[in-house]
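*Asks:* Okay, structure incoming, though there's no sequence with it:
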């Protein structure tokens, strides 16, 4: 530490800032005083007395301006007292003395943003964010960076940051809300861009259909999908999406036939469309053709073995055919892929019951009731928020047949 003081003192002499030369005993005395103040500051911090520690740290900085410990701690304490203007010089100097202090740089960026220096804040937060290790610090810095990106409409960058943060804490409500805001803004930006570059295109009508469906306006969505198909009948995904809307209408022979035709067209255009395969299999099963529906369900499982819906539907059919061991494997895989799905737990409990596995059946019945109750609560929340509760359903009626 004495060597550091000597080096900086020499630079001051060369710049003409300091005229007299201090003796070695004076330097030793200054260092002893600095060490004493630093020890006292650490003691006060260990006793949870941050305000009392600040004067001690200031005294260290006055005696030893190159003390990274004192600079950094002083900057941190001032930051958390919301004295951002005072904190910035201390944090900045600590970072200058030791550039690899990621947390210090993150706090510096936050302080700069709070004092209106957005350009410096962005640079410091972008530099520190990738190297931060502690989850809370990284989330705090990431949220600050997201605010800067959304203000400057750098939504792709904001989306990349929120993806990292959600990976750290998937159930954090603040992060979930931030993700909602970012993705909503991205969607609006995309719609606006598409309306400018291709206002009368099939894709524009497809987007309009998505928005109508999101609002729960099925009839308008169907009209928009049909307009899109008139413009481009071979646009990928259109027939399937129209079929899904038709499938949401009250069941009549006419709506069922229309949905079936659209699913068949979708499969004709893309034989590997596993979801269209599944929906068509269900319609055919309900019409009384178990052989054909079994073939379609089997093909769906081969196309997408990890789709819980495909495994569930084929497992349910296997159980109806008395092929309980095969049904058990399929349903166990389905529940592994989608552990909160009440319908799958219910179906698996009936298979366990028929196999004589009463404890397993009891466990699955309890899980069925747990997730059924949770789904009812979610449906009520959806109604309060005026969202479409149909999106919660895989096949709610499956537990009833």
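*Replies:* Sure thing, it's come through. Because the structure is predicted, anything quoted here is derived from the model rather than measured.

*Asks:* Low-confidence regions, the stretch 1-150 of the chain specifically.
*Replies:* Applying pLDDT under 70 to the stretch 1-150 of the chain flags residues 1-27.

*Asks:* Just give me the neighbour total for residue 72.
*Replies:* Other residues near residue 72 number 22, with proximity taken as other Cβ atoms under 10 Å. For every residue, glycine as well, the C-beta is placed using N, CA and C.

*Asks:* repeat for residue 85
*Replies:* Burial of residue 85 is recorded as 11 neighbouring residues (other Cβ under 10 Å).

*Asks:* Relative to residue 51, how far out is it?
*Replies:* Computed with Cβ to Cβ, to the nearest Å, the distance linking residue 85 and residue 51 is 18 Å.

*Asks:* Check residue 331 too.
*Replies:* Taking Cβ to Cβ as the measure, residue 331 falls 62 Å from residue 51.

*Asks:* Settle it for me: which of these two has more neighbours?
*Replies:* residue 331 (28 against 9).

*Asks:* what about that one, distance to residue 286?
*Replies:* Residue 331 is 20 Å from residue 286, by Cβ to Cβ.

*Asks:* One more: residue 94?
*Replies:* 70 Å.

*Asks:* Neighbour count for the two, which is higher?
*Replies:* Counted by other Cβ under 10 Å, residue 94 and residue 286 do not tie: residue 94 has more neighbours, with 26 against 11.

*Asks:* Next, the contact list for that one, please.
*Replies:* Counting by Cβ atoms under 8 Å, 6 or more residues apart in numbering, residue 94 makes contact with 68, 71-72, 75, 101, 104.

*Asks:* Turn the residues you listed into TSV, columns for secondary structure and distance to residue 237.
*Replies:* Output for the contacts of residue 94, formatted as TSV (DSSP: H, G, I helix; E, B strand; the rest coil; distance: Cβ to Cβ, whole Å):
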residue	secondary structure	distance to residue 237
68	helix	58
71	helix	58
72	helix	54
75	helix	54
101	coil	50
104	helix	49
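
*Asks:* what's the closest of those to residue 146?
*Replies:* Using Cβ to Cβ, residue 104 comes nearest to residue 146 of the contacts of residue 94, at 20.7 Å.

*Asks:* So that closest one is in contact with residue 72, correct?
*Replies:* Yes: using Cβ atoms under 8 Å, residue 104 is in contact with residue 72, at 5.5 Å.

*Asks:* Overlap of the contact sets of the two?
*Replies:* Contact criterion Cβ under 8 Å, 6+ apart; residues shared by residue 104 and residue 72: 91, 94.

*Asks:* Which helix or strand contains residue 70?
*Replies:* Assessed by DSSP states H and E, residue 70 sits inside helix 68-80.

*Asks:* now for that helix, which elements pack on it?
*Replies:* The elements that helix 68-80 packs onto, with contact taken as 3 or more Cβ pairs under 8 Å, 6 or more residues apart in numbering; DSSP states H and E, are helix 24-46, helix 50-63, helix 84-97, helix 102-114.

*Asks:* winner for burial among the ones you listed?
*Replies:* helix 102-114 (a mean of 24; mean count of other Cβ atoms under 10 Å).

*Asks:* follow-up on the earlier one: dump the helices and strands packed on helix 68-80 to a markdown table, plus distance to residue 123.
*Replies:* Output for those, formatted as a markdown table (distance: least, Cβ to Cβ, whole Å):
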| stretch | distance to residue 123 |
| --- | --- |
| helix 24-46 | 30 |
| helix 50-63 | 25 |
| helix 84-97 | 12 |
| helix 102-114 | 8 |
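
*Asks:* Out of those, which gets nearest to residue 378?
*Replies:* Comparing the helices and strands packed on helix 68-80 under Cβ to Cβ, the one sitting nearest is helix 102-114, at 35.7 Å.

*Asks:* Next secondary structure element downstream of the closest one?
*Replies:* Downstream of helix 102-114, the first helix or strand assigned by DSSP H and E is helix 118-128.

*Asks:* Next, the buried residues of that following helix.
*Replies:* Neighbour counts over helix 118-128 (16 or more other Cβ atoms under 10 Å) mark 120-122, 124-128 as buried.

*Asks:* Just list what it packs against, helices and strands only.
*Replies:* helix 102-114, helix 135-151.

*Asks:* now the angle from the first one to helix 135-151?
*Replies:* The reference is to helix 102-114. For helix 102-114 against helix 135-151, the angle between stretch directions is 40 degrees (axes from the mean of the first three to the mean of the last three Cα atoms, to 10 degrees).

*Asks:* helices or strands next to helix 102-114 in the packing?
*Replies:* helix 68-80, helix 84-97, helix 118-128, helix 135-151.

*Asks:* angle of the last one against helix 118-128?
*Replies:* Going by the same axes, to 10 degrees, helix 135-151 is angled at 140 degrees with respect to helix 118-128.

*Asks:* what packs against whichever helix or strand comes after helix 135-151?
*Replies:* Per DSSP H and E, the first helix or strand lying C-terminal to helix 135-151 is helix 155-168. Here helix 155-168 touches helix 135-151, helix 173-197, going by 3+ Cβ pairs under 8 Å, 6+ apart.

*Asks:* I'd like the next helix or strand past the longest one.
*Replies:* Per DSSP H and E, helix 173-197 leads on to helix 202-214 as the next helix or strand towards the C-terminus.

*Asks:* Give me the contact list for the next helix-or-strand element following that following helix.
*Replies:* The element immediately downstream of helix 202-214 (helix or strand, assigned by DSSP H and E) is helix 218-231. Contacts to helix 218-231, defined as Cβ under 8 Å, 6+ apart, come from residues 200-203, 205-206, 208-210, 212-213, 235, 238-239, 241-242, 245-246, 248-249.
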